[in-house]
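Peer 1: Pasting the sequence and the predicted model now:
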Amino acid sequence: MATSTSTFSHEIDGLLIELSASLERPQRAAFEVAARAALAAIPECQLGPGAAFRALRDLQKLFFDAPPDDMRREGARHHRSSKLIDAPALGEDGPRVGELHRRQFGAG
């Protein structure tokens, strides 16, 4: 016995909303029609949140168009030069640097 589209539980309606949230408006409407048809084909005794998710996850992927990957065009941001990398180190670099602080805290 198939379930009518108006008698889905709140859990399944929430799942349908979550899966359609990432879709564009025209795709969302088409997905909801297809999803309700797919859910109506599941017998009522087997229809639960898990079965609904398994039926709808692949269907949602058919309607989803991934946004373009702009990072590939610009390149990685962490390879840019910066003042901290390019400038020389501040202060002295010798064996006695930090000696006062090491003595104060009892290290070394």
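Peer 2: Ah, there it is.

Peer 1: Give me the contacts around whichever strand or helix holds residue 59.
Peer 2: In this assignment (DSSP states H and E), residue 59 forms part of helix 49-63. For helix 49-63, contacts defined as C-beta atoms under 8 Å, 6 or more residues apart in numbering pick out 9, 11-12, 15-16, 19-20, 23, 27-28, 30-31, 34-35, 38-39, 42. From N, CA and C alone the C-beta is placed, and that goes for glycine too.

Peer 1: now it: how far from the chain's centre is it?
Peer 2: 17 Å (C-alpha atoms, centre = their mean, to the nearest Å).

Peer 1: Same question for that helix: list its buried residues.
Peer 2: By 16 or more other C-beta atoms under 10 Å, the buried positions in helix 49-63 come out as 52, 55, 56, 59, 60, 63.

Peer 1: how close does residue 20 sit to residue 68?
Peer 2: 21 Å (C-beta to C-beta, to the nearest Å).
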